[in-house]
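A.B. asks: Model the following, please.
(chains A and B)
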Amino acid sequence: EVQLVESGGGLVKPGGSLRLSCAASGFFFSSHTMNWVRQAPGKGLEWVSSISAAGNYMFYAGSVKGRITISRDNAGNSLYLQMNSLRAEDTAVYYCARDANRGHAYNDHWGQGTLVTVSS
Amino acid sequence: NFILTQPHSVSESPGKTVTISCTRSSGSIANQYVQWYQQRPGTSPTIVIYEDNQGPSGVPDRFSGSIDISSNSAFLTISGLKTEDEADYYCQSSDSSNQVFGGGTKLTVL
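C.D. replies: You can find the predicted model right below:
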């Protein structure tokens, strides 16, 4: 069974940093592109970032480019999101999601999410 | 770059059929596949349609997807509505390596 478990969320002040983690199990982690998708309170889904299976290609939404870094540890079956210079508008539930590996980007499994709150 | 526009909300009665639209702002809807996700309150999204009209295993065949080039739109149709179908539904497509989500449609089954 595919499982994705996020952690690392919490309350952080504007301008602060946070590192999110996603522990993956139940599939060949190193074979899949992985994604982060966020959802602000009461709002819709917003794609944040993607990383290729080998970790050599990273993509970012314009709203986070330059402030967020996606990475992965294939040996440890883990995905990360380093978030710096956080703003109030980064407040959201952050979901780790597995790309379906069908040749176009979409998510076939999602984690339960971790809440990031940016507030003074 | 393009955006996907969905109606904010729809409602229908149990047992009926409802269709949710997702209109692409530029470029053809047929250029990239469209997926649909269901998100019940307080839970993570789950996929109900992929590649325009394919149903994942475990998703009832009451859920179906289609695209219409003339209106540049994708559609999610749910037949035989049940109260458990009440949820937010999001369409999604891709733009190069980026994912693009529609704004979501709240389905009320009353």
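
A.B. asks: CA atoms only for the longest strand belonging to chain B - export them in CSV, please.
C.D. replies: Longest strand of chain B, by residue count under DSSP state E: strand B:87-95. Provided in CSV are the C-alpha atoms of strand B:87-95 (Å, rounded to 0.1, in the frame of the first residue of the first chain):
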residue,chain,number,x,y,z
ALA,B,87,-17.2,17.1,-1.8
ASP,B,88,-15.0,19.6,-3.6
TYR,B,89,-13.9,18.6,-7.1
TYR,B,90,-10.8,19.9,-8.8
CYS,B,91,-9.7,19.6,-12.4
GLN,B,92,-6.0,19.5,-13.2
SER,B,93,-3.8,19.6,-16.2
SER,B,94,-0.1,20.2,-16.9
ASP,B,95,1.9,23.0,-18.5
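
A.B. asks: With chain A in mind, check whether that strand reaches it.
C.D. replies: Yes - if you take Cβ under 8 Å from any Cβ of the partner chain as the test, strand B:87-95 does meet chain A, through B:88, B:90, B:92, B:94. Placement of C-beta: from N, CA and C, glycine included.

A.B. asks: least confident pick among those?
C.D. replies: Within the residues of strand B:87-95 next to chain A, pLDDT reaches its minimum at residue B:94, with 93.

A.B. asks: what's the neighbour count on it?
C.D. replies: A total of 19 residues lie near residue B:94 under the criterion other Cβ atoms under 10 Å in any protein chain shown.
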